[in-house]
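> quick one: sequence and predicted model below, then my questions.
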Amino acid sequence: MSARRKTQRKRKRPVQASRKRTLLTPREKRGRIAKYALLLVGVILVFVYLTSSSNYWDSSQKLSVSYPRDDGSVGVAVFDPSLDEISVVIIPEDTEITTAHQLGVWKIKSLWELGKDEKLRGTLLSESITNHMQMPVNAWADNRFESVVEGTTRDVFPAIFLTSSNLGLLDKVKVGLFAVGLKNARFHTINLEKTGFLEDITLTDGTLGYTLYGSIPEELAAVFTANVYSNHEVTARIIDGTSASDINDDVGTVLQVLGIKVAAVKDGSHEELDCIVRGENPQYLDVVAHLFNCSVEVTSAKTSFDIEFEFGNAFAERF
């Protein structure tokens, strides 16, 4: 009996060892599936990166994107490849601003839904921040973009494909990879209520909130300065063909935040014009044209200005 039991134990041991090597726990299975899924997503992202065209970001200039956050506030994420950092400006939800497209004064938390109602989507949010808060915003995205900017690696990749935005897929891939590759030391949050740019008051609806106070602080403006204008003295002339008395002041402030010196303002004659940007240097022109959705005219004519920005009433109607 003793010899028979020893023989049985010798036969069972290899079978038990084999089962331990081949059987996976449910947790191990999920981990292996997650690894394969991430690998597949990585392959897809590389394919998209190599085969798609970029609409907004050439990865050498800053990119700023506005998006509603889950807590009701609005975020403006500024991606700066020259400093290899992301700055997120947080605008409190009860901040009251004048909207673009002449839709009146609203709390900023309402602009995303208002944009959908007016068939403007996120453009209303990005243009309102640009035109009336003097923070140049290139693009917009929905609230899932918060995961792209601030989420973990596991959060970022699904959000790239799910986020609704005027950014192209390749742009979202670039932004996601940029965000994942940054260290925490390169991520900065700026709460607008702590900058002195907002004043807490009783709003028009009787609730407490914020309104703009004074001009944009220099330290905040520096976040939005375009890299192409850095270390260059770029000048511009504004040609105002509108009947709006203060629009050139607002446009001029945005240009100055970008890093452009507004050297002259004159009245224009093309009243029904939307907007056009002229000059010799296409790189200088593209930043302004893209921001304000203007046409570009590259010219060899010598002038005293690097950029000539002309607009008319059609531009004023959407400003």
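Yep, it's here.
> isn't residue 316 up against residue 247?
Yes. In this structure, residue 316 is within contact of residue 247 by Cβ atoms under 8 Å, at 5.6 Å. For every residue, glycine as well, the C-beta is placed using N, CA and C.
> residue 136 and residue 175: what is the separation?
Note on residue 136: its distance to residue 175, by Cβ to Cβ, to the nearest Å, is 17 Å.
> count the residues that sit near the residue lying closest to residue 310 once chain neighbours are set aside.
Nearest residue to residue 310, sequence neighbours excluded (Cβ to Cβ, 6 or more residues apart in numbering): residue 239, at 3.8 Å. Counted with other Cβ atoms under 10 Å, residues neighbouring residue 239 total 21.
> phi, psi for residue 239 please.
phi -110, psi 110 (degrees, to the nearest 10).
> how much space between it and residue 291?
In terms of Cβ to Cβ, residue 239 sits 17 Å off from residue 291.
> now the helices for the stretch 201-319 of the chain?
218-224, 247-258, 282-292, 313-318 (DSSP state H, counting those that start in this stretch).
> what's the closest of those helices to residue 160?
helix 282-292 (21.8 Å; Cβ to Cβ).
> flag every buried residue along that closest one.
284, 285, 286, 287, 288, 289, 290, 291, 292 (16 or more other Cβ atoms under 10 Å).
> I figured the fifth one hits residue 258, correct?
Yes. Under the contact definition of Cβ under 8 Å, residue 288 touches residue 258, with a separation of 7.2 Å.
> before we move on, the earlier item: now render the buried residues of helix 282-292 as TSV, adding distance to residue 213 and pLDDT.
Listed next are the buried residues of helix 282-292 as TSV, based on distance: Cβ to Cβ, whole Å; pLDDT from 0 to 100:
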residue	distance to residue 213	pLDDT
284	32	96
285	33	97
286	33	95
287	28	95
288	27	97
289	31	96
290	29	94
291	24	96
292	25	97
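> helix or strand for residue 60, which one?
In this assignment (DSSP states H and E), residue 60 forms part of neither any helix nor any strand.
> meant to ask about residue 178, not that
Assigned by DSSP H and E, residue 178 falls in helix 169-181.
> so which elements touch that helix?
Counting by 3 or more Cβ pairs under 8 Å, 6 or more residues apart in numbering; DSSP states H and E, the packing neighbours recorded for helix 169-181 are helix 26-51, strand 63-68, strand 74-80, helix 145-150, helix 153-162.
> got the contact list for the second one?
The contact list for strand 63-68, computed with Cβ atoms under 8 Å, 6 or more residues apart in numbering, reads 56-57, 74-79, 109, 112, 122, 125-126, 129, 135-143, 145-146, 149, 165, 167, 171, 175, 224.
> show me the shaky parts of the chain.
Residues of the chain meeting the criterion pLDDT under 70: 1-24, 28-32, 34-56, 183-185, 245.
> which residue is nearest the centroid of it?
Central residue of the chain (Cα atoms, centre = their mean): residue 65, 1.2 Å from the mean position.
> now it: how far from residue 109?
17 Å.
> quick one: contacts for the residue nearest to residue 65 when sequence neighbours are not counted?
Nearest non-adjacent residue to residue 65, counting by Cβ to Cβ, 6+ apart: residue 139, 4.7 Å away. Counting by Cβ under 8 Å, 6+ apart, residue 139 makes contact with 56, 63, 64, 65, 66, 126, 165, 166, 167, 171.
> then residue 165?
Residue 165 makes contacts with 65, 122, 139, 140, 141, 142, 145, 172, as judged by Cβ under 8 Å, 6+ apart.
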